[in-house]
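>>> With the input below, show me the fold.
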Amino acid sequence: MIDFPAFYAALDLLGSDPMAWLVVIPGLFIGLIFGAIPGLSISIAMAVFLPATLYMDFLPAILFLTAIFTGGGFGAAVPAILMNIPGTSSAVATTFDGYPMARSGLHGEALGVGLVASVLGTLASYLILLFIVSPVATLVLMLGPTEMLSIAIWGLLLIALLNNASVAKGLAAGTLGIVVSTIGYSDTGLMRGTFGSMYLIDGIPAIPALIGLFAASELINLAGRSDYLVADRELRKIRLGPILKGAKDTLWAWPQVLRGSLIGTGIGIIPGVGASIANLASYASAKRLSHDPDSFGTGNPEGVIASESANSSSEGGGMVTLLALGLPGGAGTAILLGAFAMHNVTGGPRFITQSTDIVYALILGNLVQAFLLMGVGLIFVFLASSIVKVRLSYLIPFVLAVSMMGAFAITGSMVGPLTVAGTGALGWLMRRYGYPVTAMVVGLLIGPMAEGELTRSWQISGGDPGFLLDRPITLVMLALLLLTVTFLLVGRRRRRLDAANHV
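Numbering: from 1, shown residues only. The predicted structure is shown next:
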């Protein structure tokens, strides 16, 4: 199941490139800080620092971004435990038992539990990825253009449907992303949507657009709040002893960690779901299977274990979809896909088979990141009380300035900053009126791939739709797509009726 020659080559790659390790610890700290400040998010951190990877080699660039991803997984748990404020949506379930533990004076134990559960969850997900990535790539290589087109449509529909907005808004946001991606020259040499402007001949630059939609739009949204992200609250004194006790207790509770990691990895593989759902699903499963379900919500460490192991392991699950299919599973992997494109790398089965050593190097690098998170996270919890209190008047101009400079560095002209400004305003409007920004970003990124597969399918078939009858895998995938969409729509309708009956 493991390609050992490629595995040993990956070890050589990691050993011969010191930059691959120099960027990891800064990336972990960045992720921890952005995850811990309520209102910011991991995706904002990755978007803001994405331009910096333009000047790195591919391997250090991706390891830097995944380190931000890894650090942010635990960073969000710190304010969730100390102040009952989840840093991001991935730590919502952590508040259920983490904050009651803190109120009982067990905040050190809760932080230790959350840290070790995050480390073990990340380790488990990348170990699973290490063993399945090669077989999955072999299977995916059997897919042709019609199958890949079906997968692209499937991924976009799932991300459009699996969000808090209405189905219509999700589909509209995804379609808008695809439409924006068609601006400029097509694969067949046609010019579209330029309105006669020479600046649009090459299309909308994807990376500045991504920075604007994720980072700038959220910062504009934050500008309407009070001057502080976190209200002035007393933060409890943190000591090393209780943290180590919580860490030891988590190691003894390894079956619960394993269950949460499997749930998180499985959910992370599904496009559009990710850590926001994984932590809640894992918490619900832990409560249902517990011998004392009534203790959940009152300060049961198993609740923190379930949430943190699942939201951290969902990262590895999302990487399965990104590496095997070239599709982003959510906001974080969408930014990673943008980094792939910046380095002229296309994720998918061909990348896995042709660059297996790099794939293994990425996986091994992330396994090491998990161990480093233990030390870096331990240092971070002692700094958390000063970091979670940041004046917006300092934060917003600084992050916006960094974003604009990064966009200019990518395009080499004012097209980059103007794109950030325009898409930032568009993203703010989408957030205000309930349109999912992630759906638009995924549409923007997979639009060119979907168009290319559609063009190849049309050329192979000669324009005859009956060609699909000779593609049984495509027919099965389309049938599964219809069943999935039907199931999700029925589930949404049932939840809406239940909510109406409870009013």
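
>>> right, and the helix or strand after the strand or helix carrying Tyr99?
Assessed by DSSP states H and E, Tyr99 sits inside helix 92-103. Once the chain leaves helix 92-103, the next helix or strand it forms, by DSSP H and E, is helix 107-140.

>>> C-terminal to that following helix, what's the next element?
helix 145-161.

>>> Go through whichever helix or strand comes after that next one and flag the buried ones.
Helices and strands here follow DSSP H and E; after helix 145-161, the next one along the chain is helix 167-181. Buried residues in helix 167-181, defined by neighbour count with 16 or more other Cβ atoms under 10 Å: 167, 169-178, 180-181. Glycine gets a C-beta too; all of them are placed from N, C-alpha and C.

>>> pLDDT-wise, what's the bottom of these?
pLDDT across those is lowest for Val167, at 77.

>>> per the record, what domains does the chain have?
4-470, 471-503 (automatic domain parsing).

>>> so what does the helix or strand where Thr66 lies touch, helix or strand wise?
Using DSSP H and E, Thr66 maps to helix 58-75. Judged by 3 or more Cβ pairs under 8 Å, 6 or more residues apart in numbering; DSSP states H and E, helix 58-75 is in contact with helix 19-22, helix 24-36, helix 42-49, helix 107-140, helix 301-325, helix 331-342, helix 356-387.

>>> Relative to Phe29, how far out is Leu378?
12 Å (Cβ to Cβ, to the nearest Å).

>>> for Ile335, same thing?
For Ile335 relative to Phe29 (Cβ to Cβ), the value is 18 Å.

>>> Please apply the same query to Ser413.
Ser413 sits 32 Å away from Phe29, going by Cβ to Cβ.

>>> Can you pick out the residue with more neighbours from the two?
Phe29 (20 against 12; other Cβ atoms under 10 Å).

>>> Local confidence estimate at that one?
We have a pLDDT of 91 for Phe29.

>>> what's the answer for the one 3 residues further on, then?
As predicted, Leu32 sits at a pLDDT of 89.

>>> what about it, how many residues close to it?
For Leu32, using other Cβ under 10 Å, the count is 31.

>>> likewise Thr411?
Neighbour tally, Thr411, other Cβ under 10 Å: 18.

>>> Over to the one 5 residues further on?
The number of residues packed around Gly416, counting by other Cβ under 10 Å, is 25.

>>> Would you confirm that it contacts Pro205?
Yes: taking contacts as Cβ atoms under 8 Å, Gly416 lies within contact range of Pro205: 6.2 Å.

>>> Which neighbours do those two have in common?
407, 410 (Cβ atoms under 8 Å, 6 or more residues apart in numbering).

>>> Spatially central residue (nearest the centroid) of this structure, please.
What sits nearest the mean C-alpha location of the chain, by Cα atoms, centre = their mean, is Gly332, with 2.7 Å.

>>> show me what contacts it?
Contacts of Gly332 (Cβ under 8 Å, 6+ apart): 42-43, 46, 69, 274, 315, 318.

>>> do you know how far the closest residue to Phe34 other than its chain neighbours is from Phe64?
Sequence neighbours aside, Ala45 is the residue nearest to Phe34 in space, at 3.6 Å (criterion: Cβ to Cβ, 6 or more residues apart in numbering). To Phe64, Ala45 is 11 Å away according to Cβ to Cβ.

>>> and of the buried residues of helix 167-181, the nearest to Ala110?
Ala110 has its nearest neighbour among the buried residues of helix 167-181 in Gly170, at 35.2 Å by Cβ to Cβ.

>>> is it true that the closest one touches Ala439?
Yes: using Cβ under 8 Å, Gly170 is in contact with Ala439, at 5.2 Å.

>>> who wins for proximity to Gly75 among the helices and strands packed on helix 58-75?
helix 24-36 (2.6 Å).

>>> what about Leu364, neighbour count?
Neighbours of Leu364 (other Cβ under 10 Å): 18.

>>> Just the element for the residue nearest to it when sequence neighbours are not counted, please.
Computed as Cβ to Cβ, 6+ apart, the closest residue to Leu364 that is not its neighbour in sequence is Ala10, at 5.7 Å. Using DSSP H and E, Ala10 maps to helix 4-16.

>>> do Arg288 as well
For Arg288, the host element (DSSP H and E) is helix 275-289.

>>> what angle sits between that helix and helix 42-49?
150 degrees (axes from the mean of the first three to the mean of the last three Cα atoms, to 10 degrees).

>>> Report the inter-axis angle for helix 275-289 versus helix 301-325.
Using the same axes, to 10 degrees, helix 275-289 lies at 130 degrees relative to helix 301-325.

>>> For helix 275-289, which helices and strands make contact with it?
Using 3+ Cβ pairs under 8 Å, 6+ apart: helix 275-289 touches helix 92-103, helix 254-269, helix 301-325.

>>> In the second one, which residues are buried?
Which is helix 254-269. Counting neighbours by 16+ other Cβ under 10 Å, the buried set in helix 254-269 is 256-257, 259-269.

>>> Repeat that for stretch 368-382.
368-370, 372-373, 376-378, 380-381.

>>> same thing with stretch 460-472?
For stretch 460-472, a neighbour-count test (16+ other Cβ under 10 Å) marks 461, 471 as buried.

>>> Tell me where the stretch 351-500 of the chain has helices.
356-387, 392-411, 415-432, 437-461, 472-502 (DSSP state H, counting those that start in this stretch).

>>> Could you single out the most deeply buried of the domains of the chain?
Comparing the domains of the chain by mean neighbour count (mean count of other Cβ atoms under 10 Å), domain 4-470 comes out on top with a mean of 21.

>>> what's the distance between that domain and the middle of its chain?
Chain-centre distance of domain 4-470: 2 Å, with Cα atoms, centre = their mean, to the nearest Å.

>>> got the end-to-end distance for that domain?
37 Å (Cα to Cα, to the nearest Å).

>>> for the stretch 51-200 of the chain, which spans come out with low pLDDT?
Along the stretch 51-200 of the chain, segments meeting pLDDT under 70 span 84-89, 137, 140-141, 155, 159-165, 187-188.

>>> Could you rerun that using 50?
Along the stretch 51-200 of the chain, the model assigns pLDDT under 50 to no residue.

>>> just to revisit the earlier point, would you format the helices and strands packed on helix 275-289 as CSV with distance to Val359 included?
Converted to CSV, those look like this (distance: least, Cβ to Cβ, whole Å):
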stretch, distance to Val359
helix 92-103, 31
helix 254-269, 16
helix 301-325, 6
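
>>> To Pro18, which of those lies closest?
helix 301-325 (23.6 Å).

>>> relative to helix 107-140, how tilted is that closest one?
Using the same axes, to 10 degrees: helix 301-325 against helix 107-140 is 30 degrees.
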